[in-house]
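1. Sequence and computational prediction follow.
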2 protein chains.
Amino acid sequence: MTTEIRSLDPRIITRGREFFSSISGESPSVFNKGWWTGKVMDWAMKNDEFKVQMFRFVDVLPYLNTSESLSRHIEEYFAGDDSNIPDVLKWGATKTKIGGGLIAKVLNKTIRSNIESMARQFIIGQEAKEAVKGIKKLRKDGFTFVLDLLGEATVSEKESDAYRDGYMDVLEAIHKELGKWKPLGGGSGSRDWGHAPMVNVAVKPSAFYSQSKPVDMEGTVEGMISRIEPIYRKVMDMGGFMCIDMEQLKYKDATIELYKRLRTKYPDYENIGLVFQAYLRCTEDDVREFLDWSREKKLPVSIRLVKGAYWDYETVMAKQNGWPVPVWTHKPESDMAYERIAKMILENNDICHFACASHNIRTISAVMELAAELKVPEERYEFQVLYGMAEPVRKGLKNVAKRVRLYCPYGDLLPGMAYLVRRLLENTANESFLKQTFADEADMDRLLENPEETLRRQLEGACITREEESGLPRFNNHPVVDFTLEAERNAFPKSIAKVRAAAGGRVPLFINGQEVVTDDTLDSYNPADPTEIIGTVCQAGTDEVARAVEAASEAYLAWRDVTPEERAEALLKASRYLQDNIHDLCALQVLEVGKQWDQAHADVGEAIDFLEYYAREMIRLGSPRRMGHAPGEMSHLFYQGKGVAAVIAPWNFPLAISVGMVSAAIVSGCPVVYKPAGPSSCVGGKLVDMWKAAGLPDGVFNFCPGRGSVMGDHLVDHPSVSVIAFTGSMEVGLRIQERAAVVQPGQQQCKRVIAEMGGKNATIIDDDADLDEAVLGVLYAAFGFQGQKCSACSRVIVLDSIYDRFVERLTEAAQSVKLGPAEDPANYMGPVVDKAAQENVLRYVGIAEKEGRVLVKRKAPSEFTSKGGCYVPLTIVENITKDDRLAQEEVFGPVLSVMRAKDMDEALDIANSTRFALTGAIYSRSPKHLERAYREFRVGNLYLNKPSVGALVERHAFGGFKMSGVGSKSGGPDYLLQFLDPRLVCENTIRRGFAPIEEDDDWLS
Amino acid sequence: MTTEIRSLDPRIITRGREFFSSISGESPSVFNKGWWTGKVMDWAMKNDEFKVQMFRFVDVLPYLNTSESLSRHIEEYFAGDDSNIPDVLKWGATKTKIGGGLIAKVLNKTIRSNIESMARQFIIGQEAKEAVKGIKKLRKDGFTFVLDLLGEATVSEKESDAYRDGYMDVLEAIHKELGKWKPLGGGSGSRDWGHAPMVNVAVKPSAFYSQSKPVDMEGTVEGMISRIEPIYRKVMDMGGFMCIDMEQLKYKDATIELYKRLRTKYPDYENIGLVFQAYLRCTEDDVREFLDWSREKKLPVSIRLVKGAYWDYETVMAKQNGWPVPVWTHKPESDMAYERIAKMILENNDICHFACASHNIRTISAVMELAAELKVPEERYEFQVLYGMAEPVRKGLKNVAKRVRLYCPYGDLLPGMAYLVRRLLENTANESFLKQTFADEADMDRLLENPEETLRRQLEGACITREEESGLPRFNNHPVVDFTLEAERNAFPKSIAKVRAAAGGRVPLFINGQEVVTDDTLDSYNPADPTEIIGTVCQAGTDEVARAVEAASEAYLAWRDVTPEERAEALLKASRYLQDNIHDLCALQVLEVGKQWDQAHADVGEAIDFLEYYAREMIRLGSPRRMGHAPGEMSHLFYQGKGVAAVIAPWNFPLAISVGMVSAAIVSGCPVVYKPAGPSSCVGGKLVDMWKAAGLPDGVFNFCPGRGSVMGDHLVDHPSVSVIAFTGSMEVGLRIQERAAVVQPGQQQCKRVIAEMGGKNATIIDDDADLDEAVLGVLYAAFGFQGQKCSACSRVIVLDSIYDRFVERLTEAAQSVKLGPAEDPANYMGPVVDKAAQENVLRYVGIAEKEGRVLVKRKAPSEFTSKGGCYVPLTIVENITKDDRLAQEEVFGPVLSVMRAKDMDEALDIANSTRFALTGAIYSRSPKHLERAYREFRVGNLYLNKPSVGALVERHAFGGFKMSGVGSKSGGPDYLLQFLDPRLVCENTIRRGFAPIEEDDDWLS
């Protein structure tokens, strides 16, 4: 197909030249340096750092409600000595300090009004009335419109309702005017150019359902429809057109499905369109499938084809999540894809109307020539450009193609700023056609050439290097589960059914390579339905513990001398086993501890990460390090495993934390006696299979589930245990520490205790926080997996001036999430892990009611609670102060305390006021406050503008201090050192006065 | 002067050409590839690794007394798959494994006999009779001789006696023959060439006094004279000539002094010469001074000028000790110096006879032309070359200069091997004139050119780079004290007198920047004379401790946030203070704890090292480390000081260990409460001055000497203490560990205990150990500073087959050292630190007498003990077995147990059989055994062919495991981590889907 387009190239280029000459000398207003916007764009294009600061400032601007706040931010963003900061901003930034800052106040007001008018350039109006007025003006100039309501971020159902209502309002306002409008292109009737509905709106579906998520496809589609359908009916009433916009990839499948349902429900109404993004690698297939569907169902469709506006986001998220990059990574590839897909659509013009949305003159020319070649009737395609941008292009299009529609956002400047940033980015990107054409004044031939040529040129000389260390590929986290993939969505229920069918069997101990059965057993049950037994777990007594420690001690003698590389290899094999069995392992967690799908996957992924990371770490540490550079001696520092490790694990990350502690010990040369937590013993038992698959020698891994009260002290006290790795409560951790410090008769090594204990983690909400992110972040950190994470947010400290806005949105958001069993991915929160946990949390809910004012206390629907599941209410309580128990004690459940702080000083003081120092987060767009939190918010893991949970191995090496932990961060570069004794061997290499000189000797220069 | 030599260049070159043409076609036998030696030399010159292996093998060969031992070593040295190993060796090495190894046995015998004949090539005979025969043969060929007795290494006075007797014997043998000899050069009388004594011997002075050491100049010179004088008298009796050889630089001043004394004592006998080495930078001045002395005293002298044979040794030792390299580092510089010095000597031929000892034809030609130019009479100079080397040169010399004397070593092949290695090295060095001339066949013009030219060429293109890290020069250990410098030798008595004069004052506490005086005090006394009070030390009680901890806690809040660079700067200032006051600080240790001069200097040097190293380490760790490479997030791992540190220090390294622990805490951001050990509280008090000089804020360092029984627990238990750094006994260390594990009410942090505890360190003597080194190494490790080091050797485990030889030499060596106060540098061992230590050691001496057979029990002379000093006998006890208390308990004094092992298996088993795992050493020349010890001799610090004491910061990062330590090595890369809590801050840098991409992001390639 490409070659066919290539055959049109001469005509495309000729048409493009004509296009250019018809707009010769014109420039989009955004690049007009005579205006403030043009200047800013010019600076931004010249200096990346300024660009970042500027766009971030634009982003935060709507939150800066006081003059003080505005001045402070201007100073923080622009007061550096960077010569690239334009004077007008620098003045604003520096003058604040002088003489009460009257001059600055004036300057800063100017800055605000400049930026606001910059935003207004792209937004047709802030209110319905204004928008209608704008539209009338456009129509007068010969342009039609498609209207889009700003404000995509909805964190609650209430906000989604409001968003829907906004559409209804503007449609009503237009409806009132509609009668007065004359169709464009002359003629009578209610259609522009004789065929196009005059009213045209675009909707972004995700905003219509605050609980949208890929894993819950059905719920998401239905949620979206429930609010879009009324709008669509109104549009139909008005004889209008509705286009469903395409947003981030994660909503793509739901959006296509949404379109199909609406289209099918109203088969006779054709005026509904869908957007596809040419930058997605999958779009060509998607469009083909969509056209086939249309043809099969005999339902004509309409497509708006765009290049795509989330390229940065999609690439960054893919990289962060370990996914293949879903978009074309070279701009010309997107351009090529656009032309190919446009051709496909135009070839199907009998069933598909086409809206070509592009500012790229090569693209536009190609579409025109393709349409001409394919003899597509004029009413079957049109052109769209963005309001306020690329005026020369819209002018040229009007000249050439006649039918130009402007995409017109309207609404509050607050969400408008987000839109502004996106548009500014688009215009300042190096590969932007507009920038190249009108700012860089690139060669016209280059701009019009077939993008295949451009690509070829770009790829020339590009080279791919892959960094490696320790003979292995560089460590990367296991990919986050991608629920946009149907295979993933289907794998979970299948595995859950499989695991359920096999559940209830006996789980034996595993000592010295042999299964060991005990009389004493303990049932592990499904917390959503305690009658469902997941496994009957054998319980080790002191005898079994003694046998296990003895086996480990014997294995130690050989295992410590196995090379680090070989030990690492065992971990890599174990990792392979987990990867191969990931869905079954997830399913077991869903059933045994009530983990949500994504959380279960993250847990198994983290286990894989620990194996992969510690394997590499041991290879790094295992290579003897030369110390000093003295000639005539060769000093090597290297490490030896300390001895037998007792690993005492928690149930909340039943695989990850267990595998992490166990594998760290094993790769360090320390055989392990592993005691899983009671409620997750079945998951714990999977370690036996894993290490079998890895081919560990007998005795190196021993599985000893058991009652802490029966065998815990015995294991800790055992004189042959050299390392104790524990994760759990502070009380147990401190007890272990005390007991382990007593050297027992016959003991060879002082015991090393690594204890990850509790947290009482705070999130600070600064007065300029991006609430779209902060509300969802806090919600997730507080209630994900029922708040049963040591990293969970249990205190949110909100600055006074933003308190009400935040708390209202948070409360509504909390009211919007679904509660119920983890098995159903629609549910945000399920039961806590067991009856004991349930009791404990309920006790704290009672305390919450006494100490503060309960804002939210949501119970799961009775259909679930009636089964006796371990449900507790999702609880948010305000009016909690520093000394309250709710502010000091770890609940380990879904109870969030809201605390008010008058300023950042107080917020930090409250944040640091507990015995714990595990995790923390702050949402702020003040560079100074972020810097200050970096220094003064003293916790092990602090997150800036991120939730405090979800630590990833290496990237977020995890662990705290104060009473939160003894030892160094798991998944970090110092972790294995805790299992190792350093040894140094120094050889005198001089004999008879002669020493071989080594390359790195400090030798004569 | 150089220009004058340059003016002779044409004549020198002409003469050199004639020299070359007179020996055209000849080659030294060592390079004759037809012979085994020539082949080996050829291989060695082509392959550095083989050269090292070969020379090491030659070195160990004399110890390989059994066929099994020989075969094993051949296999270990040569069985690699290195294609550069000559077949004859490889066969020997590999065939051992086949069929009982009969072929190998034959081959290996051949190898031994080949190497022995290689040695014989350079040695004129193994016995006096043989030597005399050889000499007669030489004289017949027209060469005179200078005889040198091999066997320089004497570890005891008995061996020095034997060495002297060896000379007397050979002289007696020659004496008997002398009457029969006819003078060379015809003529009658008893002189060769009419002027030269027929008998000529060379002596290496250090061998004549086993206790030679630069610090004890007078003792060394007198010790040497006591045994050389009889030889000299015998030589004079025979009308002979005696030349005093020059050895390592450290003996140079003593050797010159020795010459002067003998020359002065026998003013009328001129036939005594001294060697100078042209490669020493100082030699030109030394010779000038020597000639001035001769002229002033009117005592004619004789000089043999050599280039110098210890170049490798001198450079390596200088680099290891941190001294300026004392030798010329470019070979042509030595050649230039030789010509300049030769000219100076020849100009003074009226008072100085000259022996030109060189194989370099350029040098020889230059000397000849200089002598001609200066009209030096023939009897005033002669030429010398080495026996068995450079035959063409000696032939040429005989042709041209007539007067050639051969330097003839004689004696056992065992010490002969050492001599052989030195000669082989000389011949295979890249810059060797012989190699260049006869093996490389370098261009004659280049060989004869003025060495200034050669140097100029070598320096072209050489560039000097200096590695830096953290903005500071790379860490290097503080230089070892160089007692060859008179200034150092003088500084000590001066400082001791000064410190003594100031002794006895009150030492106050130092809390929160203020001196604090207490009623309770404790006197610190000189262990050599307990009536001498060094200081009256105020004693902290619980109140003072509480005040100190409180001050430290308050200081913590600010100090933790001072930048790592600023904290490091404080350490560098402290280091400057120590460097500026080093002699006074040493003197205080000599008086307060009885440290020998060198040991005291090493202690202060180590303190400096800790400051310099930890400063750099903190800068390294202080720089936040990016974790992961995900775009859109910036994760930083960095560290924060844990809190207040209690430092509880020992007295045995009173400054080093205190400064190490304290500075690690302070640089990490942890303010310190420091409790010195009672017996070294005055040294401890110097830390106050040091930190004052460094300008620390108040409260960051607090000095709290006190009685452990009164305030120890209180300090350890204090809830505001977060780190306890302790060095001392196991008992106290374990007590601290237990107490610290209990979390006290109000305690914020779990306490981190770093405890360096005891050792029961073993040294293994393999059956092929170089006993010259092993005996001295064990002696030093066991009795240096009276064995009061945790690293001291307290068990020597000797393999059966070398047991008797080793123990005899060790015993004799122990009988040879001097005992007495540390003030006198002649003394090897002094009193233990105090009365309690004395009592304890005496108790163990009693146990030694019960458990084993005491070999040595040497008491200090009564002149010292009578003063009530804390002396204990130097004790060596044998027949100690694994379970004896002497094999298991730390004595911390000069008591050495000798244990017998039948083989390496048993030796390692014994070595590893204690509760401790601190240091260890092995002396072996078996690569396999060294490798095995590397793996299986499981201690914190293992030394191969080095004593187990004297660990240096960084190079020998120090610390053990098992009951020897809790925590990581001091002076090592993991040490500071123990004072630090890791923190991680992860910033989400995405805003509105846009993230700035960082350079090290995992971004699109």
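-> Happy to help now that I have it. Numbers count the residues shown, from 1 in each chain, chains lettered A, B, ... in the order given.

2. what comes up buried for the lengthiest helix in chain A?
-> The longest helix of chain A (DSSP state H) is helix A:597-622. Buried residues in helix A:597-622, counted by 16 or more other Cβ atoms under 10 Å in any protein chain shown: A:597-619, A:621-622. For the C-beta atoms, the positions are set from N, CA and C on the backbone; glycine is no exception.

3. repeat for stretch A:23-37
-> Residues of stretch A:23-37 classed as buried: A:23, A:27-32, A:35-37 (neighbour count, 16+ other Cβ under 10 Å).

4. quick one: it to chain centroid distance?
-> 37 Å (Cα atoms, centre = their mean, to the nearest Å).

5. And for stretch A:933-944?
-> Centre-to-centre, stretch A:933-944 and its host chain are 20 Å apart (Cα atoms, centre = their mean).

6. What are the buried residues along that stretch?
-> Within stretch A:933-944, the residues scored as buried using 16+ other Cβ under 10 Å are A:933-934, A:937-944.

7. OK, contacts around A:V672?
-> Residues in contact with A:V672, defined by Cβ atoms under 8 Å, 6 or more residues apart in numbering or on different chains, are A:552, A:644-647, A:662, A:665-666, A:700-702.

8. Was I right to think A:G185 contacts A:W193?
-> Yes: A:G185 lies in contact with A:W193 (Cβ atoms under 8 Å); the separation is 3.8 Å.

9. who touches both of those two?
-> Common contacts of A:G185 and A:W193 (Cβ under 8 Å, 6+ apart): A:402-403.

10. Now A:V985: closest residue in space that isn't a chain neighbour?
-> B:L942 (4.6 Å; Cβ to Cβ, 6 or more residues apart in numbering or on different chains).

11. Three-state assignment for the one you found, please.
-> Assigned with DSSP: H, G, I helix; E, B strand; the rest coil, B:L942 falls in the strand class.

12. Now do the contacts for it.
-> A:983-986, B:919-922, B:933-934, B:948.

13. can you rerun that using 10 Å?
-> Each residue near B:L942 by Cβ atoms under 10 Å, 6 or more residues apart in numbering or on different chains is listed here: A:636, A:983-987, B:761, B:911, B:917, B:919-922, B:933-936, B:948.

14. What pLDDT is listed against it?
-> Each residue has a pLDDT score; the one for B:L942 is 98.

15. Pairing partners for it in the sheet, please.
-> A:V985, B:G920 (DSSP bridges).

16. Give me the phi and psi angles of A:Y923.
-> A:Y923 adopts backbone torsions of phi -110, psi 120, taken as degrees, to the nearest 10.

17. For chain B, see how far away it is.
-> Relative to chain B, A:Y923 is positioned 10 Å away (Cβ to the nearest Cβ, to the nearest Å).

18. Look up how far B:E296 lies from that residue.
-> 89 Å (Cβ to Cβ, to the nearest Å).

19. These two - which one has more neighbours?
-> With neighbours defined as other Cβ atoms under 10 Å in any protein chain shown, A:Y923 and B:E296 compare such that A:Y923 has more, 28 against 8.

20. Contacts only, for that one.
-> Contacts of A:Y923 by Cβ under 10 Å, 6+ apart are A:763-766, A:768-771, A:773-775, A:777-778, A:796, A:798, A:802, A:806, A:930, A:943-947, B:988.

21. Tell me the pLDDT of it.
-> Note on A:Y923: pLDDT of 98.

22. Give me the domain ranges for chain A.
-> Following automatic domain parsing, one finds the domains of chain A at A:36-119, A:123-455, A:486-622+A:639-757, A:761-955.

23. what is the mean pLDDT for the first one?
-> Just to be clear, that refers to domain A:36-119. 77.

24. how long is it end to end?
-> Taking Cα to Cα, to the nearest Å, the first and last residues of domain A:36-119 lie 12 Å apart.

25. How about it and chain B, touching?
-> Yes: contact between domain A:36-119 and chain B, assessed by Cβ under 10 Å from any Cβ of the partner chain, occurs at A:48-49, A:51-53, A:55-56, A:58-60.

26. which of the residues you listed are buried?
-> Listed as buried from those are A:51-53, A:55-56, A:58-60; burial here means 16+ other Cβ under 10 Å.

27. wait, which of these is closest to B:Q211?
-> A:V52 (73.0 Å; Cβ to Cβ).

28. so where's chain A uncertain?
-> Where chain A drops to pLDDT under 70, the residues are A:1-3, A:80-101, A:461-470, A:1005.

29. Need the residue closest to the centroid of it.
-> What sits nearest the mean C-alpha location of chain A, by Cα atoms, centre = their mean, is A:M317, with 6.5 Å.

30. rewinding a little: check the residues of domain A:36-119 next to chain B and tell me the two furthest apart.
-> A:D48 and A:V60 (18.9 Å).

31. Would you mind measuring from the nearest residue to A:A552 once chain neighbours are set aside to A:V549?
-> Nearest non-adjacent residue to A:A552, counting by Cβ to Cβ, 6+ apart: A:P671, 3.7 Å away. Note on A:P671: its distance to A:V549, by Cβ to Cβ, is 9 Å.

32. residues shared between the contacts of these two?
-> By Cβ under 10 Å, 6+ apart, A:P671 and A:V549 have these common neighbours: A:644, A:702.

33. ok, the two, which is more surrounded?
-> More crowded of A:P671 and A:V549, by other Cβ under 10 Å: A:P671, with 30 against 23.

34. what's near enough to touch that one?
-> A:512, A:548-549, A:551-560, A:641, A:643-645, A:665, A:696-702.

35. picking up where we left off before, ok, the residue nearest to A:A552 to chain B distance?
-> 17 Å.

36. Now do that residue against A:V562, distance only.
-> Separation of A:P671 from A:V562 (Cβ to Cβ) stands at 11 Å.

37. got any residues that touch both of the two?
-> A:641, A:697, A:700.

38. re earlier: need the buried residues of stretch A:933-944 in JSON lines (columns: distance to B:C243).
-> Listed next are those as JSON lines, based on distance: Cβ to Cβ, whole Å:
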{"residue": "A:A933", "distance to B:C243": "79"}
{"residue": "A:Y934", "distance to B:C243": "74"}
{"residue": "A:F937", "distance to B:C243": "78"}
{"residue": "A:R938", "distance to B:C243": "74"}
{"residue": "A:V939", "distance to B:C243": "76"}
{"residue": "A:G940", "distance to B:C243": "73"}
{"residue": "A:N941", "distance to B:C243": "75"}
{"residue": "A:L942", "distance to B:C243": "76"}
{"residue": "A:Y943", "distance to B:C243": "80"}
{"residue": "A:L944", "distance to B:C243": "79"}
